[in-house]
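Novice: task: produce atomic coordinates for the following.
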Amino acid sequence: QKMAELLGPGDECREGASGASALAGSCLADNRLNLDVYPDGCCRFLQLFKGRRGEVVQVEFLRLSSNDRLLGTTLGILPHLKHLKSLVLKGGHARDEFGSCQHGSLTKLPPNIGNLRCLTHLDLSFNNLSALPSCILHLPSLRVLLVSHNSLVALPENFGSLSKLTFFSAMKNQLKDLPQSIGELAVLQDLYLSENALEFLPEEVGNLHNCTELDLSGNCLSSIPDSLANLKSLRRLHLHSNLLVTVPASLASLPNLSRLDLQNNCLRAVPPEIQTLPFVHLRGNPLGETEPSPQADESSARGLRRLFLASGEDSFSVTSEGCKVVLACGIHFYFPPGAASHPLRINFRTLAPDPQWVKLRHHDVLLSGVLELQPHGVKFHQEVQIRMPYASPQTLHQREVVVRTFSGQSWSDLRTRVEQKRKSKKHVAHCSVLHFSWFLVVSRLVQNECKVPTEGTLLFSSVDPNIKVTFPPGVTEETRSVKLQVLPVSAEEMEEITADAGCRASPLLCLSQDSLMDFLRPVRIQLPLPPGVTGLNLDRSRLHLLHGDLEGQTWDDITSQVVLEFTHLYAVFEVTHFSWYWLWYTTKTYIGGIAKKVYERLRMYQVNFIVLQRKKDPEQVLLQCVPKHKVDPVLKKLQDRYRGPEPSDMVEMFEGEQFFAAFERGISIDMDRPDCVDGRLSFIFYSHLKNMKEIYVTSPVDRKGQAVKGQVSFYRGAIPESIPEDASRRRKGPDSLWLATLPIKLPRLKPRWGENPGPLNGFSFPPLNLGNAETGYLTQANLLSIARRVGADWQTIGLNLGLTYHQIERIGYNNREDLDKQILDMLFSWAQQNSEDPDCVSKLITAMKESGRQDIADEVKTIIDLGRQKYRESIRRVGLEQESSTEDSAIAM
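Specialist: Coordinates of the predicted model:
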């Protein structure tokens, strides 16, 4: 894609028509405009149209983002582009606060879009279309139509009038049925209708005689018509995650069928002709089980349908019969019979936690990623049980694990039960819910709570029973809820932070209530005296009672404002409102500032940074932020495959704090990565999650004759106001956010994969040339270059290339000790299987985009463009250039 040639990234809309005109001279030579990657792409298009209208109207391939605010104005111009062959108006280029792709603003199209008689490819995915624009049905040349991820509830009755349509995707909509006219799409080859609400199919679907792939997965189908047996060209039929109770035996007679996916349905019996097919997938069906009793409850759960979802699946169906569901990530669901009154489609995904919306409280520790379950707000008739695995906390003493859920407005903790599996030793958190939303697992300070009635009550701490709160009769007119948490502070911690062996403190007491009103009568609080202090040796001049705000930012000495009573072991005082209370014993004078520093340091983790290079491929660099006590085990685990400098000096970080890694002194990375901000890699530190990334680095220096000695530096994203001053000022230089710097060395450049004959990383493949001379070849050397950039995404890319889950699992197992071999095996296995396919290169580009690797897709496109250019130049040199070039593929790259 020639985005860099089209419009420079620094150009702005305000440059005016003259600037756009100057840019357009070379931009439009290839009749392509790819502006969807720019936040102001529509503005750029409008300026180009104003400055060089005569050339813009000749454009054949146009991509725009429907998240653009100027989309409405731009739509009015599109009918002028009479030569347009491919039009992409997709959303999903922006993300909301939860990390979800934001759908575009497109809800309709201008009627005269139907006048684009040359248009063969139209992509309107990730928008808000509730109905298919009628103008689409007037596009006489349309062959490829994508309307995935919209809100379509039906297709028009005359949808079959698109007689040239060969590819149609409407996945992730709300379609409940299909028009009978769909059977009139005589040349349709690919039909993707997954993740809808289809309850039945018309018999006319059997008239799609040229259909090679039909995806109906993730719907509510209880049966399919016998007419599907007429699809003699069908190769792949996806019916998993439906409600099928039967399938016609005639499917076994389809001559070209190579994949039949019936997983996760309600099939209790399958025709023998189907069951013996070598390519049928039946996992997740209650085969051979009897019909459950209407009175079935949890005690008869063993008779429920069981669904086992693979790593690429993101939804499943639930009926009134209930079911058990196991996700590939280890999360379990139990839907009891009657939980759902009608068939319901459940969508799920796991998200990386973002501190912008995952708000952790002080001393909380995040133990899992975020699980989102949809639809939000749907109420179940019975509680649905969720089991979430989580990272093992360092200790459960004085802490507890809870599942936390987000309502859309605020986070709240659910009643949670935890267990540790005997065999796997994995920790699992159990909770029950009536609504679906977002869920995560956290470790928090133990929380004791009670209801305070008018008659009064007594509340103890389960962490330290010596701490108690007494509510006398008449303390309140209406019942209130009160919560108590305790943070123990050892004498060793106090001495280390304050550098004063005589400084002591009691446990920190955190009290809160659900009312804004003060108590009507004083509440009596008992705290143990600081360690080593008793009523016999107490020096009252050294004892200070501190009152803190709910964020621990200010600590006031209130010793003179309350009446302190002492016993041999305890201090007792009375208050009328709740906050944080801390009893100190010290000779220091200004206690408030010292207490703030101590409290902040108690919230911080001591960590080290690790920078390692893979021994077999030094350009592959692993970056990790590791809590101090885990450094040695992590290095021991990695030492066989990686080498690098010693870990950095110890630094201190907050849970959920952002930091960045910058490659410096001749080392560079791909700046288009979504986690790259101003040239630096973004991280979020969570003490019990893996703060690790593996990335390929390059150097602009010619390394054929010399090595490159660079470095990686780590910086804070921003210094929180509460961070101790001595923890933030670690460098005597201009950048006060600096944390650490570690060296990195790229050795003298060796021949790349494929430059020398012979085995490649243990593999030996015959020469490969994918594509053709006119569209450009991908050679073995090109594939090896691509393989170097794939990294941990190889499984996702393999699935999007069409490899089966079983193939991916086998490749991973056979090469389980070597990521390079996994990547090579996957890529070359696909290449050998598809070497005769003329569209294999475009499929590779599409797979990279769908896998979130736009960088690799761009590299492949650049290779192909260069090959096409060389081919045309050679044709021109020998005088064989045709008057008109071969028509580009219907699916724009």
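Novice: after the one helix or strand His544 maps to comes which helix or strand?
Specialist: Per DSSP states H and E: His544 is located in strand 543-548. Next helix or strand after strand 543-548 toward the C-terminus (DSSP H and E): strand 555-557.
Novice: my read is Ser560 is in a strand, agree?
Specialist: No: looking at Ser560 with DSSP: H, G, I helix; E, B strand; the rest coil, it is helix, so not inside a strand.
Novice: number the residues from 582 up from this point.
Specialist: Okay, using 582 as the starting number, the last item reads as Ser1141.
Novice: could you measure from it over to Arg1121?
Specialist: Applying CB to CB, to the nearest Å, the value for Ser1141 to Arg1121 is 11 Å. Bear in mind the C-beta positions are built from the backbone N, C-alpha and C, glycine included.
Novice: next: Thr1057.
Specialist: Thr1057 is 33 Å from Arg1121, by CB to CB.
Novice: need the helices for the stretch 1132-1281 of the chain, in chain order.
Specialist: Using DSSP state H, counting those that start in this stretch, the helices of the stretch 1132-1281 of the chain run over 1172-1183, 1212-1219.
Novice: return the most buried member of those helices.
Specialist: helix 1172-1183 (a mean of 19; mean count of other CB atoms under 10 Å).
Novice: starting at the chain centroid, how far to it?
Specialist: Chain-centre distance of helix 1172-1183: 37 Å, with CA atoms, centre = their mean, to the nearest Å.
Novice: let me know the pLDDT of the residue sitting furthest away from the middle of the chain.
Specialist: In the chain, Leu1117 marks the outermost C-alpha relative to the chain mean, sitting 59.4 Å out by CA atoms, centre = their mean. With respect to pLDDT, Leu1117 scores 84.
Novice: so where's the stretch 1282-1431 of the chain shaky on pLDDT?
Specialist: The stretch 1282-1431 of the chain contains residues with pLDDT under 70 at 1282-1286, 1299-1317, 1330-1350, 1352-1358, 1386-1387, 1398.
Novice: switch to 80 and redo it
Specialist: Counting by pLDDT under 80, the ranges of the stretch 1282-1431 of the chain that qualify are 1282-1288, 1299-1317, 1329-1363, 1366, 1369-1370, 1372-1374, 1385-1388, 1390-1391, 1393-1399, 1416-1420.
Novice: show me where it has strands.
Specialist: If DSSP state E, counting those that start in this stretch is used as the criterion, the strands of the stretch 1282-1431 of the chain fall at 1289-1297, 1319-1327, 1350-1353, 1357-1360.
Novice: elements contacting the first one?
Specialist: When you say that, I think you mean strand 1289-1297. Applying 3 or more CB pairs under 8 Å, 6 or more residues apart in numbering; DSSP states H and E, we find strand 1289-1297 packed against strand 1201-1208, strand 1238-1245, strand 1319-1327.
Novice: please redo it, this time with the cut-off set to 10 Å
Specialist: Applying 3 or more CB pairs under 10 Å, 6 or more residues apart in numbering; DSSP states H and E, one finds that strand 1289-1297 contacts strand 1185-1195, strand 1201-1208, strand 1232-1235, strand 1238-1245, strand 1261-1266, strand 1319-1327.
Novice: what strands flank the second one, and is each parallel or antiparallel?
Specialist: Using DSSP bridges, the strands paired with strand 1201-1208 in its sheet are strand 1185-1195 (antiparallel), strand 1272-1277 (antiparallel).
Novice: what angle separates the first one from strand 1261-1266?
Specialist: On the basis of axes from the mean of the first three to the mean of the last three CA atoms, to 10 degrees, strand 1185-1195 is oriented at 130 degrees to strand 1261-1266.
Novice: if you count neighbours, what's buried in strand 1185-1195?
Specialist: Of the residues in strand 1185-1195, Met1185, Tyr1186, Val1188, Asn1189, Phe1190, Ile1191, Val1192, Leu1193, Gln1194, Arg1195 count as buried by neighbour count, 16 or more other CB atoms under 10 Å.
Novice: these: which two are farthest apart?
Specialist: Met1185 and Arg1195 (31.8 Å; CB to CB).
Novice: so Phe1020 lies in a helix, does it not?
Specialist: No: assessed with three-state DSSP, Phe1020 is strand; it does not lie in a helix.
Novice: residues contacting Val965?
Specialist: Shown in contact with Val965 (CB atoms under 10 Å, 6 or more residues apart in numbering): 899, 903, 906, 914-917, 920-921, 927, 954, 1012-1017.
Novice: strands - which of the residues you listed land there?
Specialist: Val899, Val906, Phe914, Tyr915, Phe916, Ile927, Leu954, Cys1012, Ser1013, Val1014 (DSSP state E).
Novice: neighbour-wise, which one of those residues leads?
Specialist: Counting neighbours by other CB atoms under 10 Å, Phe916 comes out on top of these with 27 neighbours.
Novice: my guess is it contacts Lys905. True?
Specialist: Yes: the pair Phe916 / Lys905 is scored as a contact, 7.6 Å apart, by CB atoms under 10 Å.
Novice: need the overlap of contacts for the two.
Specialist: With CB under 10 Å, 6+ apart, Phe916 and Lys905 have common neighbours Ala882, Leu885, Arg886, Leu888, Gln966.
Novice: quick check: nearest residue in space to the third one, chain neighbours excluded?
Specialist: Translated: Arg886. For Arg886, ignoring the flanking residues on the chain, the nearest one in space by CB to CB, 6 or more residues apart in numbering is Cys904 at 4.2 Å.
Novice: the one you found: neighbour count?
Specialist: Count around Cys904 with other CB under 10 Å applied: 24.
Novice: next one: Val638
Specialist: 15.
Novice: might one say that it is in contact with Cys699?
Specialist: No: applying CB under 10 Å as the test, Val638 and Cys699 come out as separate, 11.9 Å apart.
Novice: for the ones in strands among the contacts of Val965, give me JSON lines that also has distance to Val1070.
Specialist: Putting the ones in strands among the contacts of Val965 into JSON lines (distance: CB to CB, whole Å) gives the following:
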{"residue": "Val899", "distance to Val1070": "48"}
{"residue": "Val906", "distance to Val1070": "44"}
{"residue": "Phe914", "distance to Val1070": "41"}
{"residue": "Tyr915", "distance to Val1070": "41"}
{"residue": "Phe916", "distance to Val1070": "45"}
{"residue": "Ile927", "distance to Val1070": "45"}
{"residue": "Leu954", "distance to Val1070": "39"}
{"residue": "Cys1012", "distance to Val1070": "31"}
{"residue": "Ser1013", "distance to Val1070": "36"}
{"residue": "Val1014", "distance to Val1070": "36"}
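Novice: what is the nearest of these to Leu665?
Specialist: The closest of the ones in strands among the contacts of Val965, once distances to Leu665 are taken by CB to CB, is Ile927, at 39.6 Å.
Novice: and stretch 690-701, how far out from the chain middle?
Specialist: Distance, centroid of stretch 690-701 to centroid of chain: 36 Å (CA atoms, centre = their mean).
Novice: got phi/psi on the nearest residue to Tyr1267 once chain neighbours are set aside?
Specialist: Excluding the flanking residues, the one nearest Tyr1267 by CB to CB, 6+ apart is Leu947, at 4.6 Å. Per-residue torsions, Leu947: phi -80, psi 130 (degrees, to the nearest 10).
Novice: what stretches of the stretch 632-781 of the chain score poorly on pLDDT?
Specialist: Using pLDDT under 80, the stretch 632-781 of the chain drops low at 673-683.
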